[in-house]
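*Asks:* Here is the input, now give the coordinates:
(2 chains)
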2 protein chains.
Amino acid sequence: MSTPAAFEAAIKELETHSELVPQADMEVGVYILHRLEELGVKSFFGVPGDFNLGFLDLIDDYPGIAWVGNCNELNAAYAADGYARIKTGSVGAVLTTYGVGELSAINGIAGAYAEIVPVVHIAGFPSLQEQNDKPLLHHTLGDGRYNVYAQAAELFTCSHTILNDANLAPAEIDRVLSDCVLQSRPVYIALPTDIAYIKISSTRLTIPLPRLPVPNDPLAESAAIAEIVRLIDEASGDVAVLVDVGALRYGVAEEVRRFVEETGFAVYASPMGKTVISEGYERYGGLYTGATTRPEIKSQIEEGAKLVISIGALKSDLNTGNFTHKLDVARTVELHHTTTKIKFSEYGGVGMKYLLPKLTSALASSSSSSIKSKALATPVTKWVYPLPQEPDEPIVISQAWLWARVTQFLRPQDVVIAETGTSAFGVLDIPFPNNAVFVSQILWGSIGWTVGSTLGAAMAARERNLGRTILFIGDGSIQLTVQELSTMLREGLKPIIFLLNNSGYTIERAIRGENRKYNDIVNWGWPHLMKALGDVDGTRTKSYVTNTKAEFDALLNDAEFSGAGVMQFVEIGMRMLDAPASLKAGTPVGRKW
Amino acid sequence: MSTPAAFEAAIKELETHSELVPQADMEVGVYILHRLEELGVKSFFGVPGDFNLGFLDLIDDYPGIAWVGNCNELNAAYAADGYARIKTGSVGAVLTTYGVGELSAINGIAGAYAEIVPVVHIAGFPSLQEQNDKPLLHHTLGDGRYNVYAQAAELFTCSHTILNDANLAPAEIDRVLSDCVLQSRPVYIALPTDIAYIKISSTRLTIPLPRLPVPNDPLAESAAIAEIVRLIDEASGDVAVLVDVGALRYGVAEEVRRFVEETGFAVYASPMGKTVISEGYERYGGLYTGATTRPEIKSQIEEGAKLVISIGALKSDLNTGNFTHKLDVARTVELHHTTTKIKFSEYGGVGMKYLLPKLTSALASSSSSSIKSKALATPVTKWVYPLPQEPDEPIVISQAWLWARVTQFLRPQDVVIAETGTSAFGVLDIPFPNNAVFVSQILWGSIGWTVGSTLGAAMAARERNLGRTILFIGDGSIQLTVQELSTMLREGLKPIIFLLNNSGYTIERAIRGENRKYNDIVNWGWPHLMKALGDVDGTRTKSYVTNTKAEFDALLNDAEFSGAGVMQFVEIGMRMLDAPASLKAGTPVGRKW
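*Replies:* Sure thing, here's the model as predicted:
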């Protein structure tokens, strides 16, 4: 694991040894594949098109990476996003064709940008000759603006390149892929059809891509650590740690885990930070969501704890209880990817990747044991969500009951994906078992995202030997991207898909237009869906309909069902206007009309 | 019907009469709806989202326009495109929400741009307060770039606006909508949630939007007409007219029809110009597609005719037989939207909308009758495509046989939509009956487009009392956008959908990777599809499987089937590598690998 500076130095050193440089031994396309494999890519998503078919041959022939053809490009981008989220430390990869393909994927790429997910988007591009002559090709706008899609891509990626010079291609590929990894954001590579096949020297591959950020300024870092240690001492161990999505995306989840375990500090999470710290951890108390937070957590974070250490915060509306977070700046330390904020002052260039382990060590070498014993004296209320007694609702599956039943069903290491809407609010209401993983798109919130994302997450979960992949989605959202269930089937994945059938866009009804026609959708024949999407003889999937608590409970108690030996689709009949507790607690969006 | 200049003059005149101007009598959102209705919009496509729910209430309450909720935004944009194509002289309209929604639609909008289709894209946008404060809202990228989606939209539209000033909104709306109509390209309107409800004066509505381009320069126009008349005289009526898509999109189809009927000139079409002139017209000979053209047409256009008058040409690869058009410039007149080319010289600012009727009149007043009699002496070979005898293929449905059988099945006024791939090549091989309409996306070529487009086309066809809506699509393409069949069902549309099941991306196999895995797709359970998508009890649709010529023939002979009284889905089993004649004639894409 090297830093960008070490990488550059090694490359420079290598280039002085021209005797070591083989001439033109590898196609540009294959060079890309080697680098992607190095970054952990084993599954490559996308859709064929005539501008990428040549590169597809190279993928097809490349042993280390499997092609996963998708039904459409948006779903493919979603899949690459889901894959990158579960294969922590890897990236997702998606291939599209010029114009029509890449533009269909752009919402998926923008979502990865917003949610800090490293996705490599490679788009087939016209040959150098075509770029020069600008013939009126299909997939162009007809006005000669050959680079216009790359201009669009630039808006939603942290780095991009058009590989028009084969000799510069390795350095360009390395630059862009390094940006993807180090910034944890999507990047765009336009690959001309002819360039993909030009042979270049593969020597740079002997130097692994950088995986670590540039080091912190040592003096600023030391000063920041000393000040944080002083504040922790002052707090006498009465410290609350609040973990958010940045901790996961910028690769410090393990450092955070060691920090909280060695200090014993109580730890909480934001919605986007859910499961970054295993929810089975004894000092983990649950979610802090501002105004709607459970009172014991709310009072501790907002008033009780003498110091709050916030790690990787992303203060978006739906991640902060619609901006109702109340963190007292005078009691707060914020650790971020490239900066550290201590109360009212900021230590620029001091990032948490290097700071956190040093902070942990500093505390260990000083007053750690007394801090830890003091910290452990602060109780953390165990987060439970018991089955509610609903004497007036004994039969119909209520939202309140559903999520309580689901929390009992989950197992360690399950990957649980929740669609924006009632599903995400519901899953946020319940605690997860040890090492179960929560996946959702709380900032970007593109409905339908979870279907593609579940495909990618399930591929990654299989590669990592994680547990079951479980999706919760509504009948409105699934209609956007439903076809990708077909790809899960082809790939032999065995997700459990829970379809909350509540007759339309319930999340929108909660915001506006409760009974407006525009929130209605067509009620599909869900039990027929998997047959239509490829399980023609019904042998490779199972579909269920549960309209009562008793039916749902029995299904979840069934060992064969919970064993998830085949792909399973469960329709859950629910009331149209019912909503999870956290959604009922307040309008999710503070929109003025 | 006024021109932009007349419109501006009328508005200026109106504004001098401040006593006529009511103060703030109409919401900005309702003003938009009035203008859209004026432009012919009766169906408004899109997907709800919290940034457009307020405007949706206004749509829901507006009597003249029906909301057609789609399964996803790409399909919605495709539907608006298909709608605009069939409702000639109208525009299509699509509504999306901020960020996630509008970006999902962008490929559909770009396709409309490429193919010169007037689509109005309205996107919900944050309120003025939000734009000012830039809170970290969901659907943003998290970096405060609130206008970034509008920047992307700008790349693929001919005109755009963010309606941040309610008082300027009517003028802005009028400007952008006029550009949409006059340039026949998509436009983008970002509508802030609060602005939609602000009341403004509706006075401008008393002046209809301009529908005609600016007039030609009279001297240049006269000179051009005189020169064309001289060339026609010289040609002694031996003139071939070649009609392309510009004739349709720039609103001169009727002018072209009168021109060819009054002169008797032989008339042909490019693929994108197919059915602009009714294919039942006696002097219509069929398609000119460069090298693969039928010999009698090819020789007449490339050598025989003394003059070729090309109308609204768009010289893209797949519209010119992969750039094998051979039009002799010294024998060619090209009429375009804003320019006229006579042999080697160009008359800038002389557009065909005004030129064509004057040319027709000039010919009538001079030597018309002798020209017409001479013109009629040039024979036009009737385009027929008889059922092929295939003694070695008596059972399996071949491409050659299929399209011959289809041409017999078509009726006058049918709307026939063909997906990019073998479907479009096949439909281009066959003649259509009188006034049947051909719809395809030959320049943009985004696979899956026809499903959304068929929804829009069928809505428009119903509004216009046209015939049946018939879709031809492959098993690969339909998977991209399949869910929109559900919307057709809900809207009570009765399209006939022919699904060519040839086991994957046959068009791609024709280009590269004939047996590569990446061209395979999942074989869906097509007979279950419509049940899954909402016809749960099977009473509102019919699904058929035809694997033999006899079965297909019998189905097409069935009066109930051909009557199209319900939505019908026909799976046609075909060989994987079979292709229509025009596709077999040469690789469709001249890509070098």
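*Asks:* Mind checking which residue lies nearest the centre of chain A?
*Replies:* A:R85 (3.8 Å; C-alpha atoms, centre = their mean).
*Asks:* And chain B, is the strand or helix carrying it touching that?
*Replies:* Here A:R85 sits within helix A:73-86, counting by DSSP states H and E. Yes: using C-beta under 8 Å from any C-beta of the partner chain, helix A:73-86 reaches chain B at A:L74. All C-beta atoms are positioned from the backbone trio N, CA, C, and that covers glycine.
*Asks:* Run the angle between that helix and helix B:73-86 for me.
*Replies:* With axes from the mean of the first three to the mean of the last three C-alpha atoms, to 10 degrees defining the directions, helix A:73-86 sits at 170 degrees from helix B:73-86.
*Asks:* Put the alpha carbons of the next helix or strand after helix A:73-86 into PDB.
*Replies:* Remark: after helix A:73-86, the chain's next helix or strand is strand A:92-96, criterion DSSP H and E. What follows is strand A:92-96, C-alpha atoms only, in PDB (Å, rounded to 0.1, in the frame of the first residue of the first chain):
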ATOM      1  CA  GLY A  92     -16.900  -1.100  -9.100                       C
ATOM      2  CA  ALA A  93     -16.600  -1.100 -12.900                       C
ATOM      3  CA  VAL A  94     -19.200  -0.400 -15.600                       C
ATOM      4  CA  LEU A  95     -18.900  -0.500 -19.400                       C
ATOM      5  CA  THR A  96     -21.200   1.300 -21.700                       C
END
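*Asks:* quick one: is whichever helix or strand comes after strand A:92-96 near chain B?
*Replies:* Once the chain leaves strand A:92-96, the next helix or strand it forms, by DSSP H and E, is helix A:100-114. Yes: counting by C-beta under 8 Å from any C-beta, chain B is contacted by helix A:100-114 at A:100, A:103-104, A:106-107, A:110-111, A:113-114.
*Asks:* Next SSE downstream of helix A:100-114?
*Replies:* Trace forward from helix A:100-114 with DSSP H and E and the next one is strand A:119-125.
*Asks:* List the buried residues of that following strand.
*Replies:* A:119-125 (16 or more other C-beta atoms under 10 Å in any protein chain shown).
*Asks:* before we move on, what about stretch A:89-103?
*Replies:* The neighbour-count check on stretch A:89-103 (16+ other C-beta under 10 Å) flags A:90-103 as buried.
*Asks:* For the buried residues of strand A:119-125, work out which two are farthest apart.
*Replies:* The distance between the two most remote of those (C-beta to C-beta) is 18.0 Å, for A:V119 and A:F125.
*Asks:* Redo the residues of helix A:100-114 next to chain B as a markdown table? Include pLDDT.
*Replies:* Below are the residues of helix A:100-114 next to chain B laid out as a markdown table (pLDDT from 0 to 100):
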| residue | pLDDT |
| --- | --- |
| A:V100 | 98 |
| A:L103 | 98 |
| A:S104 | 98 |
| A:I106 | 98 |
| A:N107 | 98 |
| A:A110 | 98 |
| A:G111 | 98 |
| A:Y113 | 98 |
| A:A114 | 98 |
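*Asks:* Out of the residues you listed, which is nearest to B:A550?
*Replies:* Distance to B:A550, by C-beta to C-beta, is smallest for A:V100 among those, at 37.8 Å.
*Asks:* what about the closest residue to that closest one other than its chain neighbours, neighbour count?
*Replies:* Sequence neighbours aside, B:S446 is the residue nearest to A:V100 in space, at 3.8 Å (criterion: C-beta to C-beta, 6 or more residues apart in numbering or on different chains). Per other C-beta atoms under 10 Å in any protein chain shown, the neighbour tally for B:S446 reads 32.
*Asks:* quick one: low-confidence ranges for chain A?
*Replies:* Applying pLDDT under 70 to chain A flags the ranges A:1, A:366-369, A:586-593.
*Asks:* buried set for the top helix by length along it?
*Replies:* Secondary structure of chain A per DSSP state H: the longest helix is helix A:218-234. Applying a neighbour-count criterion of 16+ other C-beta under 10 Å, the buried positions in helix A:218-234 are A:221, A:224-225, A:227-229, A:231-233.
*Asks:* Tell me the helix or strand right after that helix.
*Replies:* Next helix or strand after helix A:218-234 toward the C-terminus (DSSP H and E): strand A:239-243.
*Asks:* That following strand: partners in the sheet, and parallel or antiparallel?
*Replies:* Using DSSP bridges, the strands paired with strand A:239-243 in its sheet are strand A:266-269 (parallel), strand A:307-311 (parallel).
*Asks:* Wait, a helix at A:G286?
*Replies:* No: counting by DSSP: H, G, I helix; E, B strand; the rest coil, A:G286 falls outside a helix, being strand.
*Asks:* Flag every residue of the stretch 201-350 of chain A that's near chain B.
*Replies:* A:314-318, A:323.
*Asks:* Just the closest of the residues you listed to B:V176, please.
*Replies:* Set against B:V176, the nearest of these by C-beta to C-beta is A:D317 (30.1 Å).
*Asks:* Verify the contact between A:E227 and A:F344 for me.
*Replies:* No: taking contacts as C-beta atoms under 8 Å, A:E227 lies outside contact range of A:F344: 11.9 Å.
*Asks:* before we move on, back to that, next, format the strands paired with strand A:239-243 as TSV and append mean neighbour count and distance to A:N519.
*Replies:* Output for the strands paired with strand A:239-243, formatted as TSV (neighbours: other C-beta atoms under 10 Å in any protein chain shown; distance: least, C-beta to C-beta, whole Å):
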stretch	mean neighbour count	distance to A:N519
strand A:266-269	26	31
strand A:307-311	26	37
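*Asks:* so which of these gets nearest B:N502?
*Replies:* strand A:266-269 (50.6 Å).
*Asks:* what residues does that closest one touch?
*Replies:* With C-beta atoms under 8 Å, 6 or more residues apart in numbering or on different chains as the test, strand A:266-269 has contacts from A:239-244, A:260, A:275-277, A:281, A:283-288, A:297, A:300-301, A:305, A:375, A:378, A:380.
*Asks:* Would you mind checking these for buried ones?
*Replies:* A:239-244, A:260, A:275-277, A:283-288, A:297, A:300-301, A:305, A:375, A:378, A:380.
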